[in-house]
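In: got a structure for you, letters missing:
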C-alpha cells in the first residue's frame with residue numbers, strides 16, 4: 001500500500017505508516033486533545049524516533065489552532081534547555097495541515113505520577129520543580145511566557161539527570177505568549193482568556209497583559225498541588241474557580257507532608273494576586289526554593305513528659321511572624337516600608353518551624 005502523503009488528505013486522515021514530506025513516518029498515536037494529536041514517528045534520514053504533533057482538520061479550517069502550532073514551534077525552537085522539550089522541525093502537508101517534529105521524551109507524565117502516588121512530600125515536590133524553573137528562566141530570556149503550567153504539561157524524563165534518575169521537562173507551549181523585537185504576539189482575541197482556569201493567574205483571568213510573573217504563579221500553583229494533592233483554588237465550576245483565584249487565598253493544606261512556615265511563605269509570595277507583589281521571576285523563585293531545600297537543622301524532639309507551649313491561633317501566629325515573613329517578601333525588597341499583613345493570613349501555629357518559634361520568643365522576651 002502506498003503510504004506516502006496524498007494530495008487532499010485531511011487532518012483526520014493521518015494514520016500509522018503515513019509518510020510526511022518523504023521524511024517522517026507516523027508509527028502510532030501517542031495522545032490526542034481538542035487541538036490535535038501527537039504521534040510517535042520515525043525520522044527516516046537520521047533513523048531516530050521523534051514525536052510529531054498534527055492538527056485536526058476542523059481546527060485548521062478555523063485557522064486559530066494553525067497559528068497556535070506555528071507559535072509553539074517558534075517558541076520551542078528559540079529555547080535550548082534540558083528541562084524544555086526540543087523542536088526539530090516544522091512543516092505542512094500538501095493540503096496545508098501543519099505539524100511540528102519534536103524530541104520523543106520517554107517517561108511518566110506528572111499528572112499520571114500524582115494519580116498513582118497522590119500528594120508528594122514537600123522536599124520531593126520542590127526538588128522536582130527546580131529544573132522546570134531553570135527551563136522557564138531560559139524561555140523568559142527568549143521572550144516566551146508559557147502561561148499554562150500544570151501537571152499535564154510536565155513529563156518526568158527517565159535517565160536524563162546523568163545519574164540514572166529523572167528530570168522534569170516542560171511540554172506544550174501551544175498557548176505561549178511570544179515577544180519578538182518588542183512586540184507581543186498573542187493567540188487570544190482582545191480581552192479574551194486562554195489557559196486552564198485552576199492554574200491561571202488573576203491577570204490572565206482578566207485578559208490582561210502577562211509576563212514572567214504569570215509563570216511564577218503557575219509554578220506556585222503546581223508546587224501547591226504536588227504537596228496538597230489538589231489545585232490551590234479547587235476545580236469544577238468555572239465561575240467558582242475564577243472567583244476564588246481572583247479574591248481568595250488558597251487554604252492551608254494541613255495534611256501536607258514536610259510543609260513548614262518558611263515554605264508556605266514562599267508559596268504565598270508566588271501566589272500573590274497582584275503581580276507587583278509576587279515573586280518577580282522564575283530565577284528568584286528557583287533560588288528561594290533551593291535555599292529552602294538546602295540542609296536545615298532537624299527538629300528537636302521535646303523531652304519526655306515536657307509540657308508543650310500553648311497553641312497560638314492562626315491570626316496570632318501571623319501577627320507575631322509578620323516582621324520575619326515580610327522581610328523576605330519581594331515587596332519588602334523594593335518598597336521603602338511594608339504594610340501590616342492581613343489578619344487572615346493562613347499560617348497555622350502548629351506548623352511554625354522551631355527556628356521561627358525561637359525568634360518569636362526572643363522578640364517577646366525583649
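Out: Thanks, I have the structure now. These numbers were taken from a predicted model, which means no experiment stands behind them.
In: List the buried residues for the top helix by length along the chain?
Out: In the chain, taking DSSP state H as the definition, the longest helix is helix 122-141. Buried positions in helix 122-141, judged by neighbour count with 16 or more other C-beta atoms under 10 Å: 122-123, 125-126, 128-140. Yep, even glycine has a C-beta here, placed from its N, CA and C like the rest.
In: residues contacting residue 215?
Out: By C-beta atoms under 8 Å, 6 or more residues apart in numbering, the contact list for residue 215 reads 136, 140, 145-147, 149, 282.
In: swap the cut-off to 7 Å and go again
Out: 136, 145-146, 149, 282 (C-beta atoms under 7 Å, 6 or more residues apart in numbering).
In: Closest one to residue 250 out of the residues you listed, please.
Out: Nearest to residue 250 among the contacts of residue 215 is residue 149, at 15.5 Å by C-beta to C-beta.
In: contacting residues around residue 197?
Out: Going by C-beta under 7 Å, 6+ apart, the list of residues near residue 197 reads 238, 241-242.
In: again, but for residue 54
Out: Neighbouring residues of residue 54 by C-beta under 7 Å, 6+ apart: 11, 14, 36-37, 39, 97, 99.
In: what about the closest residue to it other than its chain neighbours, how many neighbours?
Out: Of all residues not flanking residue 54 in the chain, residue 99 sits nearest, at 4.5 Å (C-beta to C-beta, 6 or more residues apart in numbering). Using other C-beta atoms under 10 Å, residue 99 is surrounded by 26 other residues.
In: what about residue 99, which helix or strand?
Out: According to DSSP states H and E, residue 99 maps onto strand 98-103.
In: avg pLDDT for that strand?
Out: Mean pLDDT, computed over strand 98-103, is 89.
In: and if you look at stretch 206-218?
Out: On average, the pLDDT along stretch 206-218 is 92.
In: returning to what we had before: now for the strand holding residue 99, which elements pack on it?
Out: strand 48-55, helix 64-77, strand 87-92 (3 or more C-beta pairs under 7 Å, 6 or more residues apart in numbering; DSSP states H and E).
In: Which residues does that strand contact?
Out: Outside strand 98-103, the residues that touch it by C-beta under 7 Å, 6+ apart are 20, 24, 50-55, 66, 69-70, 72-73, 85-92.
In: who does that strand pair up with?
Out: Partners of strand 98-103 in the sheet, by DSSP bridges, are strand 48-55 (antiparallel), strand 87-92 (antiparallel).
In: so which of these is the most packed in?
Out: Each of the strands paired with strand 98-103 was scored by mean neighbour count; the highest is strand 48-55, a mean of 20, by mean count of other C-beta atoms under 10 Å.
In: so how far is residue 13 from the closest residue in space to residue 286 that isn't next to it in sequence?
Out: Counting by C-beta to C-beta, 6+ apart, residue 286 lies nearest to residue 133, which is 3.7 Å off, once chain neighbours are set aside. As judged by C-beta to C-beta, to the nearest Å, residue 133 and residue 13 stand 41 Å apart.
In: just to revisit the earlier point, turn the contacts of residue 54 into TSV, including distance to residue 78.
Out: Formatted as TSV, the contacts of residue 54 follow (distance: C-beta to C-beta, whole Å):
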residue	distance to residue 78
11	26
14	27
36	21
37	24
39	24
97	24
99	19
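In: which strands and helices sit next to the helix or strand in which residue 241 is found?
Out: Using DSSP H and E, the element containing residue 241 is helix 238-247. Contact here means 3+ C-beta pairs under 7 Å, 6+ apart; on that basis helix 238-247 packs against helix 202-205.
In: Identify the residues contacting the helix it packs on?
Out: Counting by C-beta under 7 Å, 6+ apart, 147, 193, 195, 210, 214, 242, 245-246, 273, 275 sit against helix 202-205.
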